[in-house]
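K.L.:
A predicted structure for the sequence below; I have some questions about it.
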Amino acid sequence: MSMACRKVYIASASMIRVSRYFTKSYKELAFDVVDEISRNLSNDGLNNIDYVIVSNVFSDSMLDQLDISTILTQELGLTPKPALRIETGESSGLAAIAHAYALIKSGLASSVLVIGVEKSSEYPTTAINKHLTKLLDYEVESIYDFALVNEAAFLMKEYMERYRYSREDLSSWSVKMHSNAVRNPYAQLKFTVTKEQVVNSQVLSDPLRLLDSFPIGDGAAAILLTSNDGLISNSDYVEIEAVFQATALPLNLRDNILELPATKLLFSRLVKECKVDINDAVLEIHDSYSILGYLIIEELGLVRRGKAPEVINDLNNVNLSGGLKARGHPIGATGVYQVAEIFKILTEGLGDVRRNVTWGLAHSMSALDLNSAVVVVRRCR
Amino acid sequence: MKLSIPRFWRRRFDYYSIRITECLECGRKSYPRRPICPYCKSRNVRTTNSVGLGEVVSYTISYYRIEGSEENLPKIIALIRLDEGPIVIGEVVDVSQSEVRQGLRVEAVLRRLKSEDPSGLIYYGLKFRPLITNSAVG
């Protein structure tokens, strides 16, 4: 079998609801999702996997734990499987899937278990905020306590000025995401909000407010990737068609701050190399701040630049999970959630949400498009 | 995590002045200093010092609470275009929320960044304040 023909399927996916789990450690969160995958498999369980990949961002800064993948293989009964941790900031989850995909595609592994786990809520929010600033260049930006939310505020302000939107106009994204999250059993914020609540919520960095931002939460999600179609129990196969990754220069070096350079590159490859039909797809995109939701769908070509806030109500296949805004954003686990959600939407359903479409796109970025990735899945019938 | 003294000392000129990368191939200037031009990837670059003058391109008033620096909120964080061309992110001080605006002329000024504890070292770095013009002084 030539490597180019080796298929990479999603055999199984599991998640817990994103939340603040004060009574559980990261090990218990990871156990819950891996145990569900194990029980979904026939007799041999996870004995036949070749590799464990853990996506996690804050283990050393918040959990005092290095080599978290080894500690988890011990806890989960997975020794002596080889294990590693992947960290590319907020896009770690998709980077972990990219690496698993590469291992299988290359023939070095047949089955890889990807675990995304983050325990963000062990410390007060100010401490988490401090760690989040480290996603920028520490020596140049974070040492001054400049934060992602400040940079997102620059984008929001520029967007409002360039396209003449009011603060209230830019509340439609959050309203839509909360409304989607109500139907997602794994979402952290399962309640609706109004535009008035968004514009009256606490200011984080003017004009950006609390309800424009992701909430802080813990989460764990796991995905079993395999080239062995014998492991697949669904009638529909979900195959990973492609994975693209790209990096970009920081905000201050960009000529047009309303363009997302890495994401732009990923989306152009998507169209050229995969022939993805965006209208026959479900998308999970990285809306850590609502302004990024608008910019990403514009970068995708779903809507003309400057028009995104006007079409939000008509978006029926974008962030059905509620997105980072309302499903939540357990940093290192988020990308794994996105792919697990797409898998469920294309197969048994995410709660009662199902779509009979061919394609699924998961898009993730770290900070403001510093290290970004897209995972393209295709349903094969 | 505590600041590391050698780590800060090693970069003292980057914290006490604004050092920019000037590309001798494509001619573009960028911040911070790097061994390779971020735009054209040329290694034919030199480091030069900004005179520390510029103007506010955009700004945000931040209430975002970060451990260890909650006492001075809200603060004004701005994108500042230096007179040499590159854009930097900087905190703007000595100005009220109602006075800060796009186009405001600013100058870099050495200020206290942080201290780990009351008896610990004080770390200094650059912030920006409204430019005090000759006419204003006169």
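P.N.:
Alright, I've got the coordinates.

K.L.:
What is the three-state secondary structure of the residue nearest the centre of chain B?
P.N.:
Nearest to the mean C-alpha position of chain B, by Cα atoms, centre = their mean, lies B:Gly90 at 4.2 Å. Three-state assignment for B:Gly90 (DSSP: H, G, I helix; E, B strand; the rest coil): strand.

K.L.:
now stretch A:284-296, how far from the centre of its chain.
P.N.:
In terms of Cα atoms, centre = their mean, to the nearest Å, the centre of stretch A:284-296 is found 11 Å from the chain centre.

K.L.:
coming back round to it: tell me which residues form a beta bridge with the residue nearest to the centre of chain B?
P.N.:
Beta-bridge pairing for B:Gly90 (DSSP bridges): B:Ala78.

K.L.:
Go ahead and confirm it touches B:Leu82.
P.N.:
No. Assessed by Cβ atoms under 8 Å, B:Gly90 is found out of contact with B:Leu82, at 9.6 Å. From N, CA and C alone the C-beta is placed, and that goes for glycine too.

K.L.:
List the residues that contact A:Leu189.
P.N.:
A:178, A:181, A:215, A:322, A:325-328 (Cβ atoms under 8 Å, 6 or more residues apart in numbering or on different chains).

K.L.:
any idea how far it is from A:Ala326?
P.N.:
4 Å (Cβ to Cβ, to the nearest Å).

K.L.:
Now list whatever residues contact both of those two.
P.N.:
In contact with both A:Leu189 and A:Ala326: A:178, A:181, A:215, using Cβ under 8 Å, 6+ apart.

K.L.:
my read is B:Glu107 is in a strand, agree?
P.N.:
Yes. With three-state DSSP as the criterion, B:Glu107 is located in a strand.

K.L.:
Phi first, then psi, for the nearest residue to it once chain neighbours are set aside.
P.N.:
Closest residue to B:Glu107 apart from its sequence neighbours, by Cβ to Cβ, 6 or more residues apart in numbering or on different chains: B:Leu131 at 4.7 Å. Per-residue torsions, B:Leu131: phi -70, psi 130 (degrees, to the nearest 10).

K.L.:
Need the pLDDT of B:Leu131.
P.N.:
On the pLDDT scale, B:Leu131 is placed at 95.

K.L.:
Near chain A, which residues of chain B are found?
P.N.:
Within chain B, the positions adjacent to chain A are B:1, B:3, B:11, B:14-15, B:30-32, B:38-39, B:58, B:60-70, B:77, B:79, B:86-91, B:113, B:125 by Cβ under 8 Å from any Cβ of the partner chain.

K.L.:
Mind checking which of the residues you listed are in helices?
P.N.:
B:14-15 (DSSP state H).

K.L.:
which other helices and strands contact the strand or helix carrying A:Val282?
P.N.:
Under the criterion of DSSP states H and E, A:Val282 resides in strand A:281-284. If you count contacts as 3 or more Cβ pairs under 8 Å, 6 or more residues apart in numbering or on different chains; DSSP states H and E, strand A:281-284 packs onto helix A:334-346, strand A:359-366.

K.L.:
right, so of those, which gets closest to A:Met15?
P.N.:
Among the helices and strands packed on strand A:281-284, the nearest to A:Met15 by Cβ to Cβ is helix A:334-346 (5.2 Å).

K.L.:
Confirm that A:Ser12 sits in a helix.
P.N.:
No. Using three-state DSSP, the secondary structure at A:Ser12 is strand, not a helix.

K.L.:
Neighbours of it, how many?
P.N.:
Applying other Cβ atoms under 10 Å in any protein chain shown, we find 23 residues neighbouring A:Ser12.

K.L.:
do the one 4 residues further on as well
P.N.:
The burial count assigned to A:Ile16 is 24, neighbours taken as other Cβ under 10 Å.

K.L.:
From B:Ser58, how far out is it?
P.N.:
From A:Ile16 to B:Ser58 the distance is 40 Å (Cβ to Cβ).

K.L.:
Isn't A:His198 up against A:Val175?
P.N.:
That one is not His; residue A:198 is Val. Yes. Between A:Val198 and A:Val175 there is a contact under Cβ under 8 Å: 6.7 Å.

K.L.:
how far is the strand holding A:Val282 from where the chain is centred?
P.N.:
On Cα atoms, centre = their mean, the centre of strand A:281-284 falls 12 Å from that of its chain.

K.L.:
average model confidence for the following helix or strand past it?
P.N.:
Scanning forward in sequence from strand A:281-284 by DSSP H and E, the next helix or strand is helix A:290-299. Averaged over helix A:290-299, pLDDT sits at 98.

K.L.:
Stretch A:221-228 too?
P.N.:
In the prediction, stretch A:221-228 has an average pLDDT of 96.

K.L.:
What ranges does the chain have for its strands?
P.N.:
Just going to use chain A. For chain A, strands defined by DSSP state E occupy the ranges A:9-15, A:51-55, A:83-86, A:111-118, A:203-205, A:208-209, A:219-226, A:237-247, A:281-284, A:359-366, A:371-380.

K.L.:
Correction: the question concerned chain B.
P.N.:
Using DSSP E, strands in chain B cover B:19-23, B:29-30, B:45-49, B:53-62, B:75-82, B:87-92, B:105-115, B:122-130.

K.L.:
Of all these, which one comes closest to A:Asn129?
P.N.:
Each of the strands of chain B has some distance to A:Asn129 by Cβ to Cβ; the shortest is strand B:53-62, at 11.0 Å.

K.L.:
which residues are contacting the closest one?
P.N.:
Here strand B:53-62 has contacts from A:147, A:149-150, A:153-154, A:157-158, A:203-208, B:73-83, B:87-88, B:92, B:97, B:100-108, B:128, B:131, using Cβ under 8 Å, 6+ apart.

K.L.:
pLDDT of that strand, averaged?
P.N.:
98.

K.L.:
With stretch A:203-210 instead?
P.N.:
98.

K.L.:
How far does it stretch from one end to the other?
P.N.:
6 Å (Cα to Cα, to the nearest Å).

K.L.:
repeat for stretch A:101-117
P.N.:
Note: stretch A:101-117 ends 19 Å apart using Cα to Cα.

K.L.:
List the buried residues of that stretch.
P.N.:
By 16 or more other Cβ atoms under 10 Å in any protein chain shown, the buried positions in stretch A:101-117 come out as A:101, A:103-105, A:109-117.

K.L.:
Which of those residues sits closest to chain B?
P.N.:
Relative to chain B, the closest of the buried residues of stretch A:101-117 is A:Val117; by Cβ to the nearest Cβ it sits at 22.3 Å.

K.L.:
got the contact list for that closest one?
P.N.:
By Cβ under 8 Å, 6+ apart, the contact set of A:Val117 is A:26, A:29-30, A:33, A:54-56, A:68, A:72, A:219-220, A:330, A:332-333.
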